[in-house]
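Chemist: predicted model and sequence below, questions to follow.
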Amino acid sequence: MVYDSLSVIKLKNILLVTVPDDPGDDIIQELQMKVLDAIETYHSKGLILDISNVHIVDSYFARTISETSQMVALMGGKTVIAGMQPSVAITATELGINLGEAISTLNVDYALDIFTDNFSAV
């Protein structure tokens, strides 16, 4: 599969993905596959998913992000979701979305701090 719409940035042993502001279903599906491929390729210990540009979500987006987080956990990694807007938090709650073991932070800087504090020995 060829991925052109999203960039997965490798920072030491973690991955960083910034989600575009109005991701369609195809972008979200691409995100999931690209992240899982990169976790396997780079033996990454975690994922920072920057959703700070996203202001509106639908059920497919919310469910796929939740599932991606669970898949990363099954592959031995941790997911930190960074930059969730209040409107996204409200919608995700109304949809009953459970992020499982994913951690949520206000921004990418805080997410990097979490990985630095928790995985400094990795």
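Modeler: Looks like it arrived, so ask away. Numbers count the residues shown, from 1 in each chain.
Chemist: in this protein, where is pLDDT below threshold?
Modeler: Applying pLDDT under 70 to the chain flags residues 1-5, 118-122.
Chemist: how about the strands in the chain?
Modeler: For the chain, applying DSSP state E gives strands covering 8-11, 14-18, 46-50, 78-82, 103-105.
Chemist: the fourth one: which residues count as buried?
Modeler: So the one you mean is strand 78-82. Neighbour counts over strand 78-82 (16 or more other Cβ atoms under 10 Å) mark Lys78, Thr79, Val80, Ile81, Ala82 as buried. C-beta here means a position set from N, CA and C on the backbone, and glycine is covered the same way.
Chemist: swap in the first one?
Modeler: Neighbour-count burial for strand 8-11, counted by 16+ other Cβ under 10 Å, picks out Val8.
Chemist: go on, the second one?
Modeler: Buried residues in strand 14-18, counted by 16+ other Cβ under 10 Å: Ile14, Leu15, Leu16, Val17, Thr18.
Chemist: can you check what angle separates it from strand 46-50?
Modeler: 20 degrees (axes from the mean of the first three to the mean of the last three Cα atoms, to 10 degrees).
Chemist: for Asp37, see how far away Asp50 is.
Modeler: In this structure, Asp50 and Asp37 are 19 Å apart, going by Cβ to Cβ, to the nearest Å.
Chemist: the more surrounded of those two?
Modeler: Asp50 (20 against 13; other Cβ atoms under 10 Å).
Chemist: that one bridge partners, please.
Modeler: Beta-bridge pairing of Asp50, defined through DSSP bridges, involves Thr18, Ala82.
Chemist: that one and Gly96: what is the separation?
Modeler: 24 Å.
Chemist: can you tell me the centre-most residue of this protein?
Modeler: Leu49 (2.9 Å; Cα atoms, centre = their mean).
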